[in-house]
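*Asks:* Take a look and give me a structure for this.
(chains A and B)
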Amino acid sequence: MTQTAQTFSGAAKAPDTTPDTAPALTVEALTVSVRTETGLHPLVQDLSFTLQRGETLAIAGESGSGKSITSLAIMGLLPPPAVRVTAGRIRLGDTDLTALPESRLRGIRGDRIAMIFQEPMTSLNPVLTIGTQLSEAIRAHDPVPRAEAARRALAALKSVRLSQPERRMAQYPHELSGGMRQRVMIAMALALRPEVLIADEPTTALDVTVQREVLDLLRDLQREMGTAIILITHDMGVVAEMADRVIVMKSGRMVEQAPVATLFHSPAEPYTRDLLGAVPRIGTAPDRPAQAAGPLATLSDVTVRFPLKGGLLGRTQANVHAVEHVSFDIRRGETFSLVGESGCGKSTIAKAMVGLVPHQGRITVAGQTLSGTGRNEPRDLRRKVQMVFQDPMAALDPRMRVGDLIAEPLLIHGIGTARDRRDRAADLIRRVGLSDAQLDRYPHEFSGGQRQRICIARALALKPDLIIADESVSALDVSVQARVLALLKELQEEMGVAYLFISHDMAVVDSISDRIAVMYLGQIVELGTRAQVFGNPQHPYTQRLIEAVPVPDPSRQRPPAPRMSGEVPSPVHPAGTAPARLTLRDIGGGHLVASA
Amino acid sequence: MSDAPATAAPVLTPKGAFRRLLDRKLALFGFGLIALVVAAALLAPWIAPYAPEEQLFDGLTLEGAPLPPDARFIMGTDLLGRDLFSRMLYGAQTSLVIGVVANGLALLIGTLVGITAGFFRGWIGAVLMRFTDLMMAFPALLLAICLAAIFKPSLWIVALVIALVNWVQTARVIYTETTSLAERDFIAAERTLGAGTGRILFRHILPHLVPTIIVWGTLGISTTVLLEATLSFLGVGVQPPTPSWGNIIFENQTYFQAAPWLVFIPGAAIILLALAFNLVGDALRDVLDPTQRGRD
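*Replies:* Here you go, the predicted model:
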């Protein structure tokens, strides 16, 4: 065994009694149903698979496919009393989990099967230190003295390569970054050396460079400890990089099961082919002729800072430097993308451009300059710029009919009669691919993709020159995402509207953009056409971003990424100080790169 | 369908909502109770067998104790030998005014203060909420006594006084809800569409507050009816011998063991009235919420 395994030796169980050829986990004809007023309704139907020791099995599927329900069923964590296993068996080694009472299951959870969740912040107790939580988790299954538990907890933190592990033991979850918290969750899950680890979308909430590190870590730990992993994900790139075998699920049923290389290179089922076809890949979009039109919107030297007040007198003690001296322009009819990781200031720019946050510097859209106060922008300006938000459910008033929602901008701006507005709403809803018979429905009666179409229809109602799409397709399943992106392109060609497209997803940005700006800590580090930025990335951060994107091709071998230091740079600076300002240099053809 | 919007509007038109309300048995029961109380209050002069202040010669036993309910006095008599049934009928007038007007006014003030403070925040919010805190810290009864001493006590003044004391909790709760609603994406979306403040407040925020307002409104009914009783007990509420359900309880509470019906009957009436409003309120909330459609 390797070094890490030795640090865990205190927690190691007696040698396994089952022979190595026996599967770690067997699921036989599993059916999970929810009890509704109309009777039992299956969520997962007739699912069978085996998981070998040391293997990674990916369960892939879009939302509603039943992949998370499957993982909860294995953990015995289905929400009682409505949802339960109605048929089939789940065997962990020789133990039939479906036959065990809750009291026995509790002993198995964490000890023999562990799980890591999507959102590490909500899975950690915010009022306990990392050290306490890890030690408690160990002592819950193994009644060792506190000092011994703490020693093992520290060893576990070291094994997940957390920087300064001794200091982390005394810290609280909110003091760590998202990636560090997910490492703590992994440490907690693996501290007792479970036979099976279920990872439910473990990197979905993380930035792409952090995702890279966490995936590398999971793979290394698995190699060292021989844990079998069930990886639940919607991201085919993650599947390609991590899995040995893949199960594709749709509407509660298994569509296809195959080794990863077979699945990606010769998918047997049409659904799998469609799913793989919808995944955006860097460098596959056709080039578009450059837009020669003049600038529609110009940002010069825009800065947004949020004061952090504190102390007895409530004085500003520090500033969050969300956006620092950003300048760029958007041309008529083009798609300009802002890309970067969470907290880089890309959404703040969008909010400043529609006057939702105050800013310094100058923003001009279609000949009009914003006041910069964060409110009372002229109504004319509102007509020129519209916004489509990330979560369409949150962006639509749930108490209004879709027809009224789409017609509302017309009503606000006093355009047309009630009859005209209704007709226009019907036009728009047909234009985005829905039926005008759906105008009288409410937002909750639509699927996520349909809701986003409704938001797009509402944004189009005033015939704007610029639509700001802030992570507008990030919350959608890949196949839906592909269709919404296609719709956006179509509408652009038809109406000549320009997009400011904001995303963290490099592949999506590559597929839709004309020009791209890469942001890091509130500043632009690289700006250029799509070919310039993706074909010839010059800034080290841009290169790292592009390299970190999981590629949906299992045959591609990736060099391990260099490990980053533990501390994440912060955009918060004490009052009176500011981060160093980057200067952009033109390296030819309008390709701007920050000189470090 | 798109050409005929009027035909395709099944729910939120007032008529549709009302019909759906009547489809609910519990709501119907609540309506029935409220109608009964309103009828009792309005028709009191005609159905009451005696005048409410009349101390009946034969309304007490020979020892001077009140009479329990029987065929003649169907709710018994009180300590002064007055017919409790007649007093309950007339008392319904007072209690309805207090429960509906005073409570409604308190809700209105509380909602306006809460929504304004929650939406605008800043100094307006700070001033309004510090004032609310001040009102909360000040003993409500003392304040009511002060106010009642300034104005000459009459039913409407008492209602006003109760409203001025009772809006505070509503304001607090509405404030908290508004602050979270104002941060929601659909409000930001409305702003980017150019919607004005009034439109955002009344078209998009207020409808989401309706469930909270209904809950506080129904909770407030029993509180206000009892507060009125306390005030009249202290001599600053509705002046005796005018009956109200609250002061019937207060006048007779010390004789609870000897004559339990004197407390039990008005107490039950208050609870039933609150329950009736609660049932109607609950149903109203469900009917007005489109996401609840088809769940009943």
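*Asks:* what residue ranges in chain A are flagged as low confidence?
*Replies:* By pLDDT under 70, the low-scoring segments of chain A are A:1-20, A:289-292, A:311-312, A:374-376, A:557-568, A:596.
*Asks:* near chain B, which residues of it show up?
*Replies:* A:351, A:354-356, A:379, A:382-383, A:385-387, A:389-391, A:394-399, A:401, A:403, A:408-409, A:412-413, A:422-423, A:426, A:436-437, A:439-440, A:442, A:444, A:455, A:458, A:462 (Cβ under 8 Å from any Cβ of the partner chain). To be clear about C-beta, it is placed using only N, CA and C from the backbone, and glycine gets the same treatment.
*Asks:* just checking, which of these belong to helices?
*Replies:* Those of the residues of chain A next to chain B mapping onto helices are A:351, A:379, A:382-383, A:394-395, A:403, A:408-409, A:412, A:422-423, A:426, A:455, A:458, per DSSP state H.
*Asks:* Who are the contact partners of the residue of chain A positioned farthest from its centre?
*Replies:* Computed with Cα atoms, centre = their mean, the residue of chain A farthest from its C-alpha average is residue A:417, at 42.3 Å. By Cβ atoms under 8 Å, 6 or more residues apart in numbering or on different chains, the contact list for residue A:417 is empty.
*Asks:* quick one: it and chain B, what's the gap?
*Replies:* Separation of residue A:417 from chain B (Cβ to the nearest Cβ, to the nearest Å) stands at 12 Å.
*Asks:* hang on, isn't residue A:284 packed against residue A:530?
*Replies:* No: using Cβ atoms under 8 Å, residue A:284 is not in contact with residue A:530; the gap is 11.8 Å.
*Asks:* neighbour-wise, which of those two wins?
*Replies:* Set side by side, residue A:284 and residue A:530 show more neighbours around residue A:530, with 22 against 10, by other Cβ atoms under 10 Å in any protein chain shown.
*Asks:* Please state the backbone phi and psi of the more buried one?
*Replies:* phi -60, psi -40 (degrees, to the nearest 10).
*Asks:* Could you do residue A:366 as well?
*Replies:* Torsion angles, degrees, to the nearest 10, at residue A:366: phi 50, psi 50.
*Asks:* residues near the closest residue to it other than its chain neighbours, how many?
*Replies:* Closest residue to residue A:366 apart from its sequence neighbours, by Cβ to Cβ, 6 or more residues apart in numbering or on different chains: residue A:384 at 4.5 Å. Using other Cβ under 10 Å, residue A:384 is surrounded by 18 other residues.
*Asks:* Centroid-nearest residue for chain B?
*Replies:* Nearest to the geometric centre of chain B sits residue B:221, at 3.0 Å (Cα atoms, centre = their mean).
*Asks:* from the chain's centre, how far out does stretch A:49-57 sit?
*Replies:* Relative to the centre of its chain, stretch A:49-57 is centred 26 Å away, using Cα atoms, centre = their mean, to the nearest Å.
*Asks:* Name the residues of it that come out as buried.
*Replies:* Using 16 or more other Cβ atoms under 10 Å in any protein chain shown as the test for burial, stretch A:49-57 gives A:49, A:50, A:51, A:52, A:53, A:55, A:56, A:57.
*Asks:* what's the spacing between the fourth one and chain B?
*Replies:* To tie it back to what came earlier, the one meant is residue A:52. 45 Å.
*Asks:* can you tell me which residues contact that residue?
*Replies:* A:23, A:24, A:228.
*Asks:* Count residues in the vicinity of the residue in chain A that chain B sits nearest to, would you?
*Replies:* Nearest residue of chain A to chain B, counting by Cβ to the nearest Cβ: residue A:382, 3.3 Å away. Applying other Cβ under 10 Å, we find 21 residues neighbouring residue A:382.
*Asks:* Verify the stated contact: it with residue B:189.
*Replies:* No: counting by Cβ under 8 Å, residue B:189 is not a contact partner of residue A:382; they are 11.6 Å apart.
*Asks:* Residue B:110 - how many residues pack around it?
*Replies:* Neighbour count of residue B:110, defined by other Cβ under 10 Å: 26.
*Asks:* Quick check: the two most widely separated of the buried residues of stretch A:49-57?
*Replies:* Based on Cβ to Cβ, the longest span within these runs between A:49 and A:53 and measures 14.5 Å.
*Asks:* ok, now how distant is the residue of chain A closest to chain B from residue B:194?
*Replies:* According to Cβ to Cβ, to the nearest Å, residue A:382 and residue B:194 sit 3 Å apart.
*Asks:* okay, and the common contacts of the two?
*Replies:* residue A:413.
*Asks:* circling back: show the contacting residues for the residue nearest to residue A:366.
*Replies:* Residues in contact with residue A:384 (Cβ under 8 Å, 6+ apart) are A:365, A:366, A:368, A:464, A:465, A:466.
*Asks:* what is the first one paired to in the beta sheet?
*Replies:* This means residue A:365. residue A:297, residue A:368 (DSSP bridges).
*Asks:* The residue nearest to the centre of chain B and chain A: what is the separation?
*Replies:* Taking Cβ to the nearest Cβ, one finds residue B:221 at 26 Å from chain A.
*Asks:* Does that residue touch residue B:274 like I think?
*Replies:* Yes: in this structure, residue B:221 is within contact of residue B:274 by Cβ under 8 Å, at 4.5 Å.
*Asks:* shared neighbours of the two, anything?
*Replies:* Joint contacts of residue B:221 and residue B:274 (Cβ under 8 Å, 6+ apart) are residue B:99.
*Asks:* In chain B, which residue sits closest to chain A?
*Replies:* residue B:194 (3.3 Å).
*Asks:* And the strands in the stretch 201-350 of chain A?
*Replies:* Per DSSP state E, counting those that start in this stretch, the stretch 201-350 of chain A carries strands over the ranges A:228-233, A:245-250, A:253-259, A:295-310, A:315-331, A:335-339.
*Asks:* and the nearest residue in space to residue B:99 that is not next to it in sequence, what is it in contact with?
*Replies:* In space, and not counting its chain neighbours, residue B:99 is closest to residue B:221: 4.5 Å by Cβ to Cβ, 6+ apart. Contact analysis of residue B:221 by Cβ under 8 Å, 6+ apart lists B:99, B:103, B:270, B:273, B:274, B:277.
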